[in-house]
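J.: just to be clear, the model below is a prediction. Sequence and coordinates:
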Amino acid sequence: MARVRRIDTPAELAVRSALHSVGVRFRVRNSDLPGKPDLANRKRGWVIFVHGCFWHRHRGCPRATIPVHNRPLWERKFARNVARDRRVRRALNRLGFRCFTVWECDALRHTDQVVRRLLVGIAAI
Ligand SMILES: [Zn+2]
């Protein structure tokens, strides 16, 4: 089963527009970087992933449900996704990037808080 990769999700758009409004510069669709980070600033050396809670398994999140049918199949699939995320972060770190992960639910519900945290992280690089 092919992994459905939606682009320009509402969560991504919320983070992008909030960061833009405080003057943070970045590129989207970074298909040449490992894991295709949703946002990246190569010069400053950071990337941001806006992760869907379901596909990327946001721990403790009500959105990270497991479908009842074919449960073992889903569990394998989710384990692969989580392992891939870990590999991608390591690869980006090796290339000199700091990685930030924003969860979809936080991006939508607590956008200001998320952006404040990102600004602190980005400033610390
Ligand atoms: Zn979540």
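T.: Happy to help now that I have it.
J.: name the SS class of the most centrally placed residue in the chain, please.
T.: Among the residues of the chain, Phe49 comes closest to the average C-alpha position under Cα atoms, centre = their mean, at 2.3 Å. Recorded secondary structure, Phe49: strand (DSSP: H, G, I helix; E, B strand; the rest coil).
J.: mind saving the C-alpha coords of the helix or strand where Ala11 lies as CSV?
T.: Taking DSSP states H and E as the definition, Ala11 sits inside helix 10-21. Extracted C-alpha coordinates of helix 10-21, given in CSV (Å, rounded to 0.1, in the frame of the first residue of the first chain):
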residue,chain,number,x,y,z
PRO,A,10,-4.1,22.6,7.3
ALA,A,11,-1.5,22.0,10.1
GLU,A,12,1.4,22.8,7.7
LEU,A,13,-0.3,26.0,6.5
ALA,A,14,-0.9,27.1,10.1
VAL,A,15,2.7,26.8,11.0
ARG,A,16,4.0,28.3,7.7
SER,A,17,1.8,31.4,8.0
ALA,A,18,2.5,31.9,11.7
LEU,A,19,6.3,31.7,11.1
HIS,A,20,6.0,34.0,8.0
SER,A,21,4.1,36.6,10.1
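J.: and it, does that touch the ion?
T.: No: using Cβ under 5 Å from the ion, helix 10-21 stays clear of the ion, coming no nearer than 9.5 Å. Every residue, glycine included, has its C-beta placed from N, CA and C.
J.: that helix - what's its average pLDDT?
T.: When pLDDT is averaged along helix 10-21, the result is 96.
J.: and the next element down the chain from it?
T.: Proceeding N to C from helix 10-21, the next assigned helix or strand is strand 27-28, under DSSP H and E.
J.: longest single helix anywhere in this protein?
T.: helix 71-94 (DSSP state H).
J.: what's that helix packed up against?
T.: Counting contacts by 3 or more Cβ pairs under 8 Å, 6 or more residues apart in numbering; DSSP states H and E, helix 71-94 is packed against strand 46-51, helix 53-56, strand 98-103.
J.: all set, thanks.
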